[in-house]
Structures are given as C-alpha cells and as structure tokens.
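Participant: coords please:
(chains A and B)
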Amino acid sequence: MCELHMIPLKTINFNHMNTNKISGSQAVILSLLEEGVDTIFGYPGGAIMPVYDALYDHNKNIKHILTRHEQGAVHAADGYARVTGKPGVCFATSGPGATNLITGIANAMLDSIPMVCIVGQVASPLLGSDAFQESDMVGISMPVTKWNYQVTSPEEIPETIAQAFYIARSGRPGPVLIDLTKDAQFGMLDFNYKKCKKIRSYVPEFPVDPFKVKEAAELIDEAKKPMLLFGQGVIISKAESELKRFIEKTGIPAAWTLLGLSALPTDHPLNVGMLGMHGNYGPNLLTNEADLIIAVGMRFDDRVTGNVKEYAIKAKIIHLEIDPAEINKIIKADVAVLGDAKKSLKMLIDNVKENSHPEWVERFNECTKTEYDKIINKDLFPKKPGLTMGEVVRIASEKTDHEAILVTDVGQHQMIASRYFKFKHPRSFVTSGGLGTMGFGLPASMGAQIGAPGRKVVTFIGDGGFQMTIQELGTIAQNKLPVKIIVLNNHFLGMVRQWQQLFFEKRYSFTELQNPDFITIAKGFGIEGSSVDQRDQLEDSVQKMMDHDGPYVLEVTIEKEDNVFPMVPAGASVSDIMLEP
Amino acid sequence: MIPLKIINYNHMKREYIITVYSENHIGLLTRITIIFTRRKINIESLTVSESAIPGVFKFTIVVYTSAELIEKVASQIEKQIDVLKAFYHTNEEMIYQEIALYKVPTEALYENNTIETVVRNSGARILEITREYTIIEKTGHKEETQALFEELNKAKVLQFIRSGRVALTRDPIERLSEFLKERDAMLDSID
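Facilitator: Purely as a prediction, here's the structure:
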C-alpha cells in the first residue's frame, strides 16, 4: 500500500510544530511536482480557490493553461496525454465546473487515456446538504473513471495523489478523479511524499505466461493466411519497434484500429491499412479469409468487427491484451496472452519462425489497387469541380512532409484524415475513438501542441464540431499555440447526413447548418485565417498556413455531399464492405 | 422439442452467486452495482460483511443471468481497483442460506395447533412471544422460507422479512489468505 513515511512522534519538535506544516492546497501542488507534472489545464472557481492560490507561488515550475470552458481543459489534458504518454492533469471547481469535465473523462475512459482530474468540493460539514455548487462528483464520475476518491482531510492528500497517478498511468491507463473538499485544502499537514508502487487489490498487468506464448507461436508458424490487428495498446506499452520486428520476422500483414494509427509507419510494406467501418477494403474483406488473427492491444470494438457472428469466420484468434476483462468480451480467443504488449511481443518474436506470405500479402495489395481505382484516386485527385476532404488531407500531409501530429474532431473528416494522412512517427495521431466526442478536436490540439512544442500540430475539424468548442480559440490565442486548424466546411453535419442519404432516404433531418464567418471569428480572437474554395488556390493556402508563425485557421469549403467510402454498414459483416453506394 | 445441439447453453439464464472480496472503501458498493446496471441485470439479493480476514470485505450477490454474461460481469467487477477477487458459482456449487423472520398474531397460536405443527415440521424457531405477536425465524433456501410464509399466512402474517444470501464454497478452506500472499508475490515480480 502507499503509506506515507510516518514521522516518529519523538522526533517532532512540538514547539515548532506549526511552522513545519503546510496547507492541503500547498500539498496538492507539491505532490504534483513530485509526480513530474509540468502542465495543468483548468478553470478556477470558489471551491478550488485555495489550490489556485497555492499554484500562484509555483508558476515558474508548473504551467497552468486557463481554458475557456472546463470541457476545453479536459480534452486538452487528453491531447497532452496522447502525445506525451504522461497523465494529463486537470483542475476544476465543484458543481458545474466538475460536471463540465464529465464528457472528457468519459472520452478518456473509453480511449484508455491516463488523466488525473482534481476538482474542488464544498467543505466537508456541508457535504450532502445541497450546498451552493455542490454536486456528488464521486457518484457522477464513478461509471467513467478508472478510480475516484473524495479527500476530506489534508493528511490524505499526498497518499491519494500518489495513488491517483499510479492508477492513471499503470496497466491499462485511464482517468481518475480526486474530489477535494475546501476544508481539506485549508487544513494543515506534515508533508512527506512517497510514490505509490503497488496496491494489493490492483494488478496493473499480469506476468506473460510463456506457455501461452508457445501456444501462440505454434499457431503463428502453422498459419497460411495470418493477419495481425494492432491497436493503441502497442503505443501505450511503447511496443512500436517490437511490432515492426514481429511482422518483419513472420511476414504477416498488419492492419490498425483507429487508435493504433501511427504505431507503424504508413509506408511500411506490411502495413495494409485501417480496420473497421470506414477502414480499407483489404483488411476488412480479408478478415473473413484469414486463418489466423493476431490481435495486439486492441479490443474488438463494434466499429472494427461489424457483425460479430460473421467476423473472422475462418480464423483462430490470438489475443495479446493487458486487461483480463477484454479477453472473450466480444470475440472468443483461442489463445489469450495476458500482459503488457511489449513484453508479450518480445517473447513471441523469440518463439516464432522466420516466415513470409508473399501470395497472401499480394491479396491485400490487389485489394488496395481495387480501392485505389474505385475510391482513393477520386478522393485524393478529384477531377470534378467541388473540393474533396481527401485532397485537403493529402496536401496537408505532404506540406508537413508527413512529420506532423494530426488531431481530428469527429465525423466524416475524421475518417478521411485517418485514411489519408501519412505518418512516420508514433504518438502522432490524436482523435476521439471510443466515445466519438464532437468538440474534442480544437481543445485536444492545444494539449497536443503543449505536449510536443517542437512539432507541427495539424487539426482537422468539421464545421459542426468546430462550433461545439470554438471558444477555445481564445486559449490558443492567449497562449500563442501555433496549431494549424483546418475547418472542412460542407455546411452539414456530414456523417449524419451521409447516413441519412444512404439509410434514411435522403431525409436530411436537422443536419444542415447556417454557419458564421469562421475567419472573422478567428480574427476576433486575434488568430490569422483565410478561406479557400478553389482547387487552384488550395496548395498555396495550405502552404501559407504552414508557413505562418502562430495559430492559423484555414476554412476550406468542400463539396456538400462528399461521402466516406468504403463503408461497412451497421450490422453487416466486415466482408460485406461497400466500395460505393 | 428443440434439438439439443442447437440450444446455446451460454444464453440460457439461471441463478448465479457472485462472491466479491474487496477493500473496505466508501463507494465501492456503487461501483460494483453499476456494472449490473449497465447491462440491465437485476440484483436478486445482496449481502455485505467483513470476511475472516480483517479489513477484507465480502459481497455475496445473487443474479439471474446467462453463463456468457456472468463471466463478463465477474471480470468487469474484478477490474475495479479496490476489488481483490470476484468468483461466480451456480447454486449447486455452493452451500447457501437465507434467513427469514415472520411476525404472526399470538392469538393465532392459541386458536388451533396448526401453527405449532408448521413451526415444528419446518425446523423454524420462535424468537419472541408477546400478548400481541409472535416472531418466528426460519433459515433455508428461498423456496423453504417462502413455503413457510404461505403456510403461516393462512392464519395471517403481520410482517415478513427475508435476508440476502450467505454462501460458502465446497472447498475445505477459505483460500483468501493464500491468495493474498500469492498476489503480493506476483505484484513484486512485475517491475
């Protein structure tokens, strides 16, 4: 357990006892420093004011980013965590401040993002009395946190924060919430920090079972049509090079889930593309031809599997997974290798034979060719007059030499960007996967830029999602964050409209938007911007944005009824993937 | 008759007993019940008390669900940070009891000897007798305590209460202390 070093009673000099004590709110800041926190995203208010007061003395050691809404803070902390691998830290006050974090916490929970949220709470004698700005945050956040805890006395602060960071970042990461009453912030304590190393009721990861690895290796060596699916687990466990070595040794084609994107360079010959609803043709179609599926750090989300009854119908399944609750949750594993992906892959590499599957890999290449002719070429190099989302993504990727961090919001542009943006480095893709949170992109891009100050951050957002958190342009301007924001404007909630077109007889129920002048708004916030709607000006506009020193909003008016294909319709099998409507 | 081979036993519902060992932390009960709520599984009964090891608490939860879901629910419970271990068993795999209390009018005892016979035959016992009422206690499975209720209610039951279930496995010893030692060693072995 994470006990504090207890100070033996006799060593306390009672005459000076008060002078050695610090306040609970000072203890919060010192504890964060002990955990190596350099950035906090937050918004002050009554019940967290003592902590903000303590922060005032430490503004040289810890950066605080004042967002324009708590949702902005929590998504920014999420973006920061995704590019750095370190827990994102968030402050908010009690009541509405804390409840405004909930969407972002739920987002982090579904995407396994390490995050520590510290929220103020009314003084402990007022708990349960419907006091001003009281909300039951432990209760409200319980279903969407990995762990949460209410602190009512100052002595609990260091140990609770130590546990919070340990839980947030170990094993399968996730968000934790600490609810801190105002009297605990004001109270005094003897501060002594000890990092948490274990909790007896919590197994962050199981040791990898060598017998399971042997079993898996046998299946891999025998397979004729093996396919590897990788997810964010590879990135979380920093197993990118092991993944590469494994597929190169075995010659197995590898496909990625949305959150696995950037773990393997785009141009790797065994990278066969994206899985799932708007993924690539080959990996979806051939899932039902494969005789072996090796799933690494992914959880068979329904957007990946389509109809589970008709998923991987000919394949045995090997599942490398850190979370025991994911084993057999959706797809039954023939061999489940529990444990950290990096350690499991290392052991697998040593146990498998060198191999190659040229004919099988060629099947993927043929599918890529089909998809290129039917879809990709038209998306990236359109001949028709209206601009496509695909060509904007292609140009943005080229203009950054495929070195940028890509951030997206949620919807059509998200799928197009993940399909066509290219990557050379891991931890270069920030998106809301599991929860599909519109409004995520703009604030997440702030966190990504702060977490990776030396890298170019390119953010794609639709005209719908942009207006959900547009106020964060103020935070971007105030902190001079040089994010490049590309608003793909089709005056529609495009993904919903696409579904209405395909599955609801073009009954476009409440999906058309009358938008404001985005560039005037950007300029109002002090951010440069321009609009483009002509193909012959597109490259120059993107180049101008990339060259601009500082944040920039580029609005691109795109074809109103541009669709995302291929598509696995809801409830259909992955092999019924449609290349056209 | 449905041919046997096409019945998927994993989807057939039955009663299961989930036993959860946990730290004694505020809010954990809610964390556990949320897992059932999410999947719209009703909790038939719930008992919580300290186990043989001080500080370790034991939840006994009875639910009516399928083999497939019980396995997933148990692993999602075990995933909670403050939960040490979660097991699930069918009724046949455990020895279990529930306790029921019945309040009947005392005069009903005097009117004829039916109640006395019922109490004797059912192995129930009398806890308190006043001029107005008599309290009877019966321990057993739900069907047994329910059967006694039906019998007594012929005369009239003024009040009735049945507890949640307590259950033990048929293992010779409680393996929790061994388990805690093994767990400790395993946690130390991971860097």
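
Participant: need the per-residue pLDDT for the residue of the stretch 201-350 of chain A at minimum distance from chain B.
Facilitator: Of all residues in the stretch 201-350 of chain A, residue A:325 sits closest to chain B, at 4.2 Å by Cβ to the nearest Cβ. In short, each C-beta sits where N, CA and C put it, glycine included. For residue A:325, the model assigns a pLDDT of 97.

Participant: residues in contact with it?
Facilitator: B:72, B:75, B:76, B:78, B:79 (Cβ atoms under 8 Å, 6 or more residues apart in numbering or on different chains).

Participant: so what's the residue nearest the centre of chain B up against?
Facilitator: Nearest to the geometric centre of chain B sits residue B:165, at 2.1 Å (Cα atoms, centre = their mean). Going by Cβ under 8 Å, 6+ apart, residue B:165 touches B:17, B:45, B:47, B:60, B:62, B:96, B:97, B:98.

Participant: looking at this, the second one is in a helix?
Facilitator: The reference is to residue B:45. No: counting by DSSP: H, G, I helix; E, B strand; the rest coil, residue B:45 is not part of a helix but strand.

Participant: still on that earlier bit, of the contacts of residue A:325, which is the most crowded?
Facilitator: With neighbours taken as other Cβ atoms under 10 Å in any protein chain shown, the top of the contacts of residue A:325 is residue B:76, carrying 22 neighbours.

Participant: for residue A:122, what are its contacts?
Facilitator: Residue A:122 touches A:47, A:94, A:131, A:132, A:133, A:134, A:181, A:182, counting by Cβ under 8 Å, 6+ apart.

Participant: hmm, I was thinking of residue A:354
Facilitator: Counting by Cβ under 8 Å, 6+ apart, residue A:354 touches A:249, A:250.

Participant: list phi and psi for it.
Facilitator: With angles defined as degrees, to the nearest 10, residue A:354 sits at phi -70, psi 140.

Participant: would you mind measuring from the residue nearest to the centre of chain B to residue B:124?
Facilitator: 18 Å (Cβ to Cβ, to the nearest Å).

Participant: and what of residue A:453?
Facilitator: For residue A:453, the distance to residue B:124 - Cβ to Cβ - is 76 Å.

Participant: who in chain B is up against chain A?
Facilitator: B:22-23, B:26-27, B:30-31, B:34, B:38, B:71-72, B:75-76, B:78-79, B:81-84, B:180, B:183-184, B:186-190 (Cβ under 8 Å from any Cβ of the partner chain).

Participant: quick one: the strands in the stretch 51-200 of chain A?
Facilitator: Remark: strands assigned in the stretch 51-200 of chain A by DSSP state E, counting those that start in this stretch are A:63-66, A:88-92, A:115-121, A:147-151, A:175-181, A:188-189.

Participant: just tell me which of the ones you listed ends up closest to chain B.
Facilitator: Across those, chain B has its closest neighbour in strand A:147-151 (4.5 Å, Cβ to the nearest Cβ).

Participant: now the strands of the stretch 51-200 of chain A as TSV including mean neighbour count?
Facilitator: Shown next, in TSV, are the strands of the stretch 51-200 of chain A (neighbours: other Cβ atoms under 10 Å in any protein chain shown):
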stretch	mean neighbour count
strand A:63-66	17
strand A:88-92	29
strand A:115-121	29
strand A:147-151	23
strand A:175-181	29
strand A:188-189	18
